[in-house]
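In: predicted model follows, preceded by the sequence.
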Amino acid sequence: MKTIFLTAGLVFTCISITFAQSTPTQSSTPRIDKRQDNQQERIEDGRESGALSNKEALKLEAKQAEIQAQKLSSKDGGKTTLSEKAKLSHKQNTAGAGIAIKKNNAKRR
């Protein structure tokens, strides 16, 4: 149980640091940034309401961290190409659907 909370804290810290480093005014992907913020809020809301277990939330947060890492690595000279934006958007669509499925899977927690 301690491991889950430590891992959750580590993932949340990494995501928070990553989001703090990218400011919306300097970003070439403001829509992607906003979607990631919204999805992170959905995960936190699900955890707080009990719709997501800690294990489910960890998996979803890990997916968000993966998307963030891909976004940062895809920027070449501060710009993200249209094809990279499309790939990131597709990953976010998949992650968003995963959040909805996990929050509404009717498991007892």
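Out: Okay, I see it.

In: next up, phi/psi of G50, please.
Out: The phi/psi pair for G50 (degrees, to the nearest 10) reads phi 90, psi 0.

In: from Q40, how far off is K87?
Out: With distances taken as Cβ to Cβ, to the nearest Å, K87 is found 20 Å from Q40. Where C-beta positions appear, they are placed from N, C-alpha and C, glycine not excepted.

In: compare these two and say which is more crowded by neighbours.
Out: Applying other Cβ atoms under 10 Å to K87 and Q40 shows that Q40 carries more neighbours, namely 20 against 16.

In: my read is that that one contacts Q64, right?
Out: Yes - Q40 is in contact with Q64 according to Cβ atoms under 8 Å; the separation is 6.0 Å.

In: pLDDT weak spots in this structure?
Out: 1-27, 76-77, 106-109 (pLDDT under 70).

In: that one: helices as residue ranges?
Out: Secondary structure of the chain by DSSP state H: the helices cover 2-21, 30-49, 54-74, 82-103.

In: the last one: which residues count as buried?
Out: Just to be clear, that refers to helix 82-103. For helix 82-103, burial by neighbour count (16 or more other Cβ atoms under 10 Å) applies to 84-85, 87-88, 91-92, 95, 99, 102-103.

In: and if you look at stretch 31-49?
Out: Residues 32-33, 35-36, 39-40, 42-43, 46-47 are the ones in stretch 31-49 that count as buried (16+ other Cβ under 10 Å).

In: could you dump those residues to TSV with distance to K79?
Out: Output for the buried residues of stretch 31-49, formatted as TSV (distance: Cβ to Cβ, whole Å):
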residue	distance to K79
I32	13
D33	15
R35	19
Q36	18
Q39	23
Q40	24
R42	28
I43	29
G46	34
R47	35
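
In: which of these sits closest to A57?
Out: Of all the buried residues of stretch 31-49, R47 has the smallest distance to A57: 4.6 Å, by Cβ to Cβ.

In: am I right that the closest one is in contact with A57?
Out: Yes - R47 lies in contact with A57 (Cβ under 8 Å); the separation is 4.6 Å.

In: could you give the number of residues near E56?
Out: Residues near E56, counting by other Cβ under 10 Å: 21.
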